[in-house]
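Undergrad: For reference, the sequence and a predicted model appear below.
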Protein chains: 2
Amino acid sequence: MNERFELVEQALNKMLEEKKYAFLRDLLVTLNPADIADLFTSIDEKNLPLLFRLLPKELAAETFVEMEAEEQELLIRTFSDNELKEIVDELYVDDAAALVEEMPANVVKRILRQADPVMRSSINQILRYPENSAGSLMTTEYVSLRVDMTVEESILRIRRQGVDKETIYTCYVTEGRKLVGIVTVKDLLLAQDDETPIADIMQTNLISVNTHTDQEEVALMFSRYDFLALPVVDMENRMVGIITVDDAIDVMQDEATEDMAMMGGILPSEKTYIRSSPWDLFKSRIPWLLLLMVSATFTGMIISSFESALATHAALIAFIPMLMGTGGNSGSQSSVTIIRALSLEELHLGDLARVIWKEIRTAVLCGLALSVVCYLKIWLVDGLLLGNTDISPLINLVVCLALFATVLIAKVVGAILPLLAKALKLDPAVMASPFITSIVDALSLLVYFLFASMLLNL
Amino acid sequence: MNERFELVEQALNKMLEEKKYAFLRDLLVTLNPADIADLFTSIDEKNLPLLFRLLPKELAAETFVEMEAEEQELLIRTFSDNELKEIVDELYVDDAAALVEEMPANVVKRILRQADPVMRSSINQILRYPENSAGSLMTTEYVSLRVDMTVEESILRIRRQGVDKETIYTCYVTEGRKLVGIVTVKDLLLAQDDETPIADIMQTNLISVNTHTDQEEVALMFSRYDFLALPVVDMENRMVGIITVDDAIDVMQDEATEDMAMMGGILPSEKTYIRSSPWDLFKSRIPWLLLLMVSATFTGMIISSFESALATHAALIAFIPMLMGTGGNSGSQSSVTIIRALSLEELHLGDLARVIWKEIRTAVLCGLALSVVCYLKIWLVDGLLLGNTDISPLINLVVCLALFATVLIAKVVGAILPLLAKALKLDPAVMASPFITSIVDALSLLVYFLFASMLLNL
């Protein structure tokens, strides 16, 4: 959203130059924390601590959370212990845990020393869960109610405890640490009678996740059930925390970005493009490029072994790129569709037979249409229009039959491989276009030369 | 999530068979609307109206919203006018508008006849906005407060009006229909004094969208600012509705699915894979396949024009797939990265020069690594190991130089085209892998034959 802020950025830099700090403060407090954090990335690093100190305490903490790790670290190094404590006290536990995870060891030590004992133990609890699990994503700060409370008592409790909770809108009714019900603030406010026991209005059809549930599944549950928060329970079914919708949204975006990267043959990275150096980009791109280049040895060997045939029918060579290209595109269409449907849990392993049957029928339709157009194109454009007499009707037939077979193979391979990955508990996105293209390249050449050998008596 | 429900599905079918409707009802009311809707897709269509009528009114409406258009239509056709009115009365306005948009004209007429006048006019208002705009996504039901109210008066108003509002947690303070502030229920509940005027506690740094803002931008604002709801204003800056986070999440998922489809050379469709017939899949896949197949005519022509050169150095043919494949992969790595960064607004048009410079440096690193490995591979594996004596060191050099140049071209083309699309106000995802691969295929062949002509004196 840089464009919107260009004017603000100019004003800010001018005020900084002229040392008009009161004006600066007045400007900053009108902005949203995410926007301030964004502005801070574009100013000179040496001005960052000064600007940050202009922010009122709460806004400072909210802005701090939105900043990138590098700038957070830079700031912490300039903080006194007292300043650090003030920020840490304002953080929600899940944000504090995320911060600790990103910082180098010596900074982590300082942070934990400034955190109060309750927060320190909560941070440690969250960090014990595996990365990308519900436990590592949750916050331990939520409003819990007792099952014997009335509506009025519940509202009172929210008023007393709510200020430190990330959300107050969904409250969790527990009995001996076990989750027994959910009450929303809407239920409480709209209850007819203040004396109603919350046991009468709480929802008891509970949907929760386990601390070890994968974050991708967590995000899907938010999109399916339209929750604002989701309770997290441990192996003994005790309530340990909640995940809020804003964190689920971040997971959704990150998972989609990761899937797209993998579909493009890139190792996923947590850095944004702007923050990645050419060396970072190189490291995430070269592995697949090398692997796929070396695997092209097979296509090379296939061509070499048909070299003499190609020498007698040189016209065949010209169609190799078209066949391989169409095969690659057909395969990646299927794999991309299947990978996404698996990610959104619209498809499951049990659908394998159904998927293959659907892809075969689709491939027949696509293959027929392409072959007919291809035959006409070669006959009319290459033959009559461009006067290329090398291409006999028989060669044309070989090309079009190979094209049909290639599309069929490509679509089936493109559909099966992501499902196979899923069965092997791999991320289906590893079976993405570049990988499938390499396999289909080799297969399409084999089919091509097979038809050529048969029909042209090579 | 089919697996989880297999047992429930079996129980349900058994109860249906044995006509145990009371048990059926007891089973259904323990489930979440999204899950019931899911179950309904797997039962016999003729049982659907019966099962649906077992649901209590509110759950019935919530389930109805989660169902697919085909089943909604089937149900409405079996509804009496009274039954239809009951459901329509329970719907939120945005869901009703979405329903009206999906149904055929005669069903729409019936729905609008049963809607009360206020809802009818709201539905019509929402439907007037362009598809995929904030206006078409919003609901007109929100809690509005007057600026002269106190905390206590505000809470009272929420209690009176809240039941029909999609969210009560963010309330909008208006003055002569203009939005002047936002108060959350958290602010209200945590206010120290019931007599505090809301003017003192409302947030006045307002972020809103216009009715014509694109839904993709709306979704991004939710992920950036962690909102639960976002106000929508018209051209005269009057408040007309709100968008809630659950709808923003759906947009996010849909936009990511659409981008992935386009990256795979597929025309986006609103149907899920499971609901698409082979004919549907054919229609969304064949356009790009045809276009790309025909565009491969150029690569064919390039090869044809070098046919005699290839005849004298047949070894050159074997490396065509490797060169084209590596070029395609290099290009799609860049384009996928840039397309995603543009979607997330991490990158902007103004970054063009920076992007090209970064891609050039990355391409040099990748190109160098690949060329060196390729040279060694051809020398050691193809030459010494496989004893292929056709490949002279000079041919090896031609291949590796062409490889380096191809990677460089591919990465720059892959980065520029999405930005170009953005500049032309097209969706950058149209410039995705298949398209870029076709361009890079032709360019890489040209470069290959150019180096071959120069170094081998063809």
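TA: Yep, that arrived. What you see is a predicted model, and the numbers here were worked out from it, not measured in a lab.

Undergrad: Need the residue closest to the centroid of chain A.
TA: residue A:255 (1.4 Å; CA atoms, centre = their mean).

Undergrad: okay but it is in contact with residue A:218, surely?
TA: No. Residue A:255 is not in contact with residue A:218 according to CB atoms under 8 Å; the separation is 10.3 Å. Placement of C-beta: from N, CA and C, glycine included.

Undergrad: circling back to that earlier point, and the residue nearest to the centre of chain A, what pLDDT?
TA: Note for residue A:255: predicted pLDDT of 92.

Undergrad: ranges for the strands of chain A?
TA: A:144-146, A:170-175, A:178-184, A:209-210, A:229-233, A:239-244 (DSSP state E).

Undergrad: Using JSON lines, lay out those strands together with mean neighbour count and mean pLDDT.
TA: Below are these laid out as JSON lines (neighbours: other CB atoms under 10 Å in any protein chain shown; pLDDT from 0 to 100):
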{"stretch": "strand A:144-146", "mean neighbour count": "17", "mean pLDDT": "94"}
{"stretch": "strand A:170-175", "mean neighbour count": "21", "mean pLDDT": "94"}
{"stretch": "strand A:178-184", "mean neighbour count": "19", "mean pLDDT": "94"}
{"stretch": "strand A:209-210", "mean neighbour count": "19", "mean pLDDT": "94"}
{"stretch": "strand A:229-233", "mean neighbour count": "24", "mean pLDDT": "95"}
{"stretch": "strand A:239-244", "mean neighbour count": "24", "mean pLDDT": "94"}
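
Undergrad: Reformat the ones you listed as a markdown table; add distance to residue B:402.
TA: A markdown table is the format used below for the strands of chain A (distance: least, CB to CB, whole Å):
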| stretch | distance to residue B:402 |
| --- | --- |
| strand A:144-146 | 67 |
| strand A:170-175 | 61 |
| strand A:178-184 | 64 |
| strand A:209-210 | 52 |
| strand A:229-233 | 54 |
| strand A:239-244 | 51 |
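
Undergrad: Show me which residues of the stretch 351-458 of chain A are close to chain B?
TA: A:351, A:358, A:361-362, A:365-366, A:369-370, A:373-374, A:377, A:381-382, A:386, A:388, A:407, A:433-434, A:437-438, A:441, A:445 (CB under 8 Å from any CB of the partner chain).

Undergrad: out of these, which are buried?
TA: A:351, A:358, A:361-362, A:365-366, A:369-370, A:373-374, A:377, A:382, A:388, A:407, A:433-434, A:437-438, A:441, A:445 (16 or more other CB atoms under 10 Å in any protein chain shown).

Undergrad: What distance do you get for residue A:106 to residue A:80?
TA: Going from residue A:106 to residue A:80 by CB to CB, to the nearest Å gives 16 Å.

Undergrad: how far away is the residue nearest to the centre of chain A from residue A:133?
TA: From residue A:255 to residue A:133 the distance is 14 Å (CB to CB).

Undergrad: Then residue A:417?
TA: In terms of CB to CB, residue A:417 sits 27 Å off from residue A:133.

Undergrad: Could you check which of those two has the larger neighbour count?
TA: When neighbours are counted by other CB atoms under 10 Å in any protein chain shown, residue A:417 and residue A:133 differ, and residue A:417 comes out ahead with 22 against 19.

Undergrad: my read: that one touches residue A:336, true?
TA: No. Counting by CB under 8 Å, residue A:417 sits too far from residue A:336 to count as a contact (11.8 Å).

Undergrad: For the residue nearest to the centre of chain A, which non-adjacent residue is closest in space?
TA: Of all residues not flanking residue A:255 in the chain, residue A:216 sits nearest, at 5.2 Å (CB to CB, 6 or more residues apart in numbering or on different chains).

Undergrad: what's the answer for residue A:107, then?
TA: That would be residue A:76: by CB to CB, 6+ apart, it lies 5.5 Å from residue A:107.

Undergrad: Let me see the contact set for that neighbour.
TA: Residue A:76 sits next to A:84, A:103, A:107, A:110-111 when contact means CB atoms under 8 Å, 6 or more residues apart in numbering or on different chains.

Undergrad: okay if I get the residues you listed as TSV plus pLDDT and neighbour count?
TA: Shown next, in TSV, are the contacts of residue A:76 (pLDDT from 0 to 100; neighbours: other CB atoms under 10 Å in any protein chain shown):
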residue	pLDDT	neighbour count
A:84	90	20
A:103	90	17
A:107	90	17
A:110	91	16
A:111	91	22
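
Undergrad: Out of these, which two sit at the greatest distance?
TA: Greatest spacing in the contacts of residue A:76, by CB to CB: A:84 and A:103 (11.5 Å).

Undergrad: can you list residues touching both of the two?
TA: Common contacts of residue A:84 and residue A:103 (CB under 8 Å, 6+ apart): A:76, A:111.

Undergrad: all helices of the stretch 301-450 of chain A, in order?
TA: Assigned by DSSP state H, counting those that start in this stretch, the helices in the stretch 301-450 of chain A fall at A:307-312, A:320-343, A:352-377, A:393-423, A:433-456.

Undergrad: So which bits of the fourth one are buried?
TA: Looking back up the chat, that one is helix A:393-423. For helix A:393-423, by 16+ other CB under 10 Å, it's A:395-419, A:421-422.

Undergrad: So which residues of the stretch 151-300 of chain A form helices?
TA: A:151-161, A:185-190, A:198-201, A:215-225, A:245-263, A:278-305.

Undergrad: quick one: residue A:9 and chain B, what's the gap?
TA: 13 Å (CB to the nearest CB, to the nearest Å).

Undergrad: count of neighbours near residue A:308?
TA: Using other CB under 10 Å: residue A:308 sits among 10 other residues.

Undergrad: and it, what pLDDT?
TA: Looking at residue A:308, the pLDDT reads 77.

Undergrad: Over to the one 3 residues further on?
TA: Looking at residue A:311, its pLDDT reads 76.

Undergrad: what about it, neighbour count?
TA: Using other CB under 10 Å, residue A:311 has 14 neighbouring residues.

Undergrad: can I assume it is in contact with residue B:315?
TA: No. The criterion here is CB under 8 Å, and residue A:311 misses it with residue B:315 at 11.8 Å.

Undergrad: Residue ranges in the stretch 201-350 of chain A under the pLDDT threshold?
TA: Residue ranges of the stretch 201-350 of chain A with pLDDT under 70: none are present.

Undergrad: Could you find the closest non-adjacent residue to residue A:47?
TA: Per CB to CB, 6+ apart, closest to residue A:47 is residue A:16, 5.8 Å.

Undergrad: give me every residue that touches that neighbour.
TA: A:24, A:43, A:47, A:51.

Undergrad: any idea how far it lies from residue A:28?
TA: 11 Å.

Undergrad: who touches both of the two?
TA: residue A:51.

Undergrad: Look up the closest residue to residue A:123, ignoring the ones flanking it.
TA: Closest to residue A:123 by CB to CB, 6+ apart is residue A:97, at 4.9 Å.

Undergrad: That neighbour contacts residue A:137, doesn't it?
TA: No. With contact defined as CB under 8 Å, residue A:97 does not count as touching residue A:137 (9.3 Å).

Undergrad: Please identify which of these two sits among more neighbours.
TA: The neighbour count for residue A:97 versus residue A:137, taken as other CB under 10 Å, is higher for residue A:137 (29 against 24).

Undergrad: Endpoint to endpoint, stretch A:98-116 covers what distance?
TA: Terminal residues of stretch A:98-116 lie 17 Å apart, using CA to CA, to the nearest Å.
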